[in-house]
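*Asks:* Model the following, please.
(one chain, ligands or ions: 1)
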Amino acid sequence: MAKSIAVFVGSLRKESFNRKMARALIGLAPASLKLEIVEIGGLPFYNQDGDDGGNPPAAWTAFRERVRAFDGLLFVTPEYNRSVPGVLKNAIDVGSRPYGQSVWGGKPAAVVSVSPGAIGGFGANHHLRQSFVFLDVPVMQQPEAYIGGAAKLFDGEGRVIDEATREFLVRFMEAFAAWVSKNAPRSP
Ligand SMILES: Cc1cc2nc3c(=O)[nH]c(=O)nc-3n(C[C@H](O)[C@H](O)[C@H](O)COP(=O)(O)O)c2cc1C
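*Replies:* This next block holds a predicted model:
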């Protein structure tokens, strides 16, 4: 059976290159993966009082329950000031609590960073990986995906124009499928 993958996009912008990339990756993925974008823009900012008082916002609870059901995780993110955009960091924080009940641990993951700049979001990509060490998320090491020059990457329909980049993305998703099948927790 296909493995289910939650896709998180670290940008809320309507014309986001990262959202285009997420959609392109969904289209290029092998049939062994079933991917769907999980929206994070409506999550209230994490505030521990919500969990300590036993009355967390409904959007946190729904997000946690939804993410828990997936077999794996794919993060597609821009870099903000050489780090992870707040909206994505907030989603990670919301999913990580209450302490001891994180939804992230053990789920195989991959990171793609996309930027119009030349460095391809390297800073965000690696700051995310820093959180994943603590959260016990087995994140694919190779191939790495730092996608620069994003403003010239897509046509009007959101397709990846450059053949070499498209081939790389296909290989990336094949490697991710293999990573998920090796590391996904067994169903009970
Ligand atoms: C607050 C902010 C900080 C940014 N910092 C960086 C940065 O550190 N490195 C970078 O390559 N681009 C940076 N950018 C430019 C983004 O890469 C660019 O806006 C990109 O289009 C965002 O991704 P999106 O198209 O998916 O929204 C920054 C943009 C914003 C709004």
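
*Asks:* Next up, the contacts around the residue minimising distance to the centre of the chain.
*Replies:* The centre of the chain sits closest to residue 75, judged by C-alpha atoms, centre = their mean, with a distance of 1.5 Å. Contact partners of residue 75, counting by C-beta atoms under 8 Å, 6 or more residues apart in numbering, are 7-8, 10, 88, 109-112, 128. Every C-beta, even on glycine, is put in place using the N, C-alpha and C of the backbone.

*Asks:* so which helix or strand takes in it?
*Replies:* Following DSSP states H and E, the helix or strand that holds residue 75 is strand 72-77.

*Asks:* Parallel or antiparallel, list what pairs with that strand.
*Replies:* strand 3-9 (parallel), strand 109-114 (parallel) (DSSP bridges).

*Asks:* OK, contacts around the nearest residue to residue 69 once chain neighbours are set aside?
*Replies:* Once flanking residues are discounted, residue 69 sits nearest to residue 4: 7.3 Å by C-beta to C-beta, 6 or more residues apart in numbering. With contact taken as C-beta under 8 Å, 6+ apart, residue 4 is in contact with 34-36, 69-72.

*Asks:* what about 7 Å?
*Replies:* Contact partners of residue 4, counting by C-beta atoms under 7 Å, 6 or more residues apart in numbering, are 34, 70-71.

*Asks:* Verify the assumption that residue 34 is located in a helix.
*Replies:* No: applying DSSP: H, G, I helix; E, B strand; the rest coil, one finds residue 34 to be strand, outside a helix.

*Asks:* Only the C-alpha atoms, please, for the lengthiest helix in the chain, written as PDB.
*Replies:* Assignment by DSSP state H gives helix 163-183 as the longest helix of the chain. Included here for helix 163-183 are C-alpha records, laid out as PDB according to Å, rounded to 0.1, in the frame of the first residue of the first chain:
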ATOM      1  CA  GLU A 163      14.900  19.400 -17.700                       C
ATOM      2  CA  ALA A 164      17.900  18.700 -15.500                       C
ATOM      3  CA  THR A 165      16.100  20.100 -12.400                       C
ATOM      4  CA  ARG A 166      13.000  18.100 -13.200                       C
ATOM      5  CA  GLU A 167      15.200  14.900 -13.500                       C
ATOM      6  CA  PHE A 168      16.900  15.800 -10.200                       C
ATOM      7  CA  LEU A 169      13.500  16.200  -8.500                       C
ATOM      8  CA  VAL A 170      12.300  12.800  -9.800                       C
ATOM      9  CA  ARG A 171      15.500  11.200  -8.400                       C
ATOM     10  CA  PHE A 172      15.000  13.000  -5.100                       C
ATOM     11  CA  MET A 173      11.400  11.700  -4.800                       C
ATOM     12  CA  GLU A 174      12.500   8.200  -5.700                       C
ATOM     13  CA  ALA A 175      15.200   8.400  -3.000                       C
ATOM     14  CA  PHE A 176      12.600   9.700  -0.500                       C
ATOM     15  CA  ALA A 177      10.200   6.800  -1.300                       C
ATOM     16  CA  ALA A 178      13.100   4.400  -0.600                       C
ATOM     17  CA  TRP A 179      13.900   6.300   2.600                       C
ATOM     18  CA  VAL A 180      10.200   6.100   3.700                       C
ATOM     19  CA  SER A 181       9.900   2.400   3.000                       C
ATOM     20  CA  LYS A 182      13.000   1.700   5.000                       C
ATOM     21  CA  ASN A 183      12.200   3.900   8.000                       C
END
